[in-house]
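>>> How does the following fold in three dimensions:
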Amino acid sequence: MSHDVIPSEPFPRPRLAVFCGSSHGHEPEYTRAAGAVGRALGERGWGLVYGGGNVGLMGVLADAALDAGAEVIGVIPHGLERREVAHRGLTSLEIVATMHERKHRMYTLADAVLALPGGIGTLEELFEAFTWGQLGIVSLPCGLLDVRGYYAPLVAMLDKAVDEGFLRRGQRERLLVDDDLKRLLDRLATYEAPPQPSWEMPGAGTDEETDGEEMVDIPKP
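Coordinates of the predicted model:
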């Protein structure tokens with residue numbers, strides 16, 4: 001089946017979609033990192049697109065970006081509006097029907113994706129963007145800010161997947177990992193996606209011998 005690439009809307013300035021925890025985590029470095037990202041966006045003149053919550057790292061991120069003069073757009077589904085305490089002081093708050101619609105809208109609004117420390121929701125959001133980039137559904141560069149080595153085991157697992165033949169090296173390198181915020185934002189700003197490879201892994205045979213999925217139509221908003 002054919003599929004549509006999710007389009008990016010034309011913006012007067014870049015916007016960064018940030019995924020992060022609705023909790024603060026046990027270490028103060030996580031909270032400081034969220035605030036630093038928000039301030040950096042304001043300093044660079046970038047906008048923020050995030051999950052719309054007012055709790056945990058999400059709230060710290062949004063408040064810091066607002067204080068720094070950044071445009072902040074929140075996208076939150078009805079079901080999480082109360083649980084994540086929707087932030088009412090944003091530049092814009094969009095309330096959508098489903099989690100899938102939330103992510104789709106965030107991808108449409110953003111020029112790049114960044115993940116801060118978070119739980120399974122953050123991981124799911126990051127890996128969907130990462131996977132959809134591999135499939136050519138979106139063309140957003142994806143960054144991982146590794147605060148206190150939080151994501152080191154995850155990065156090691158991805159490298160293991162490359163070593164074992166389940167992930168191409170070129171696809172692994174689409175995920176930009178750094179422990180320095182300025183350097184990571186610079187890398188996201190200058191990133192150029194490599195050409196899309198064929199779907200077969202080296203040495204693979206027919207589609208039945210791989211674990212690839214059939215691509216589906218992605219409706220535009």
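>>> Please count neighbours and contacts with C-alpha atoms only from this point.
Will do.
>>> Burial check on Arg32, number of neighbours?
Residues lying near Arg32 (other CA atoms under 10 Å) number 15.
>>> Can you tell me the element it falls in?
helix 28-44 (DSSP states H and E).
>>> Report all helices and strands that the next helix or strand after that helix contacts.
Later in the chain than helix 28-44, the nearest helix or strand by DSSP H and E is strand 47-50. Helices and strands touching strand 47-50, by 3 or more CA pairs under 8 Å, 6 or more residues apart in numbering; DSSP states H and E, are strand 15-19, helix 28-44, helix 56-67, strand 72-77, helix 99-109.
>>> Identify all contacting residues around strand 47-50.
The contact list for strand 47-50 (CA atoms under 8 Å, 6 or more residues apart in numbering) reads 13-19, 38, 41, 58, 62, 65, 70-75, 106, 109-110.
>>> Of the residues you listed, grab the buried ones for ChimeraX.
Entered in ChimeraX, the line below selects the buried ones among the contacts of strand 47-50, by 16 or more other CA atoms under 10 Å:
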select :14,15,16,17,18,19,38,41,58,62,65,70,71,72,73,74,75,106,109,110
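>>> which sections of this protein are below the confidence cut-off?
1-12, 84, 195-221 (pLDDT under 70).
>>> To which secondary structure element type does Leu94 belong?
For residue 94 the amino acid is Glu, not Leu. strand (DSSP: H, G, I helix; E, B strand; the rest coil).
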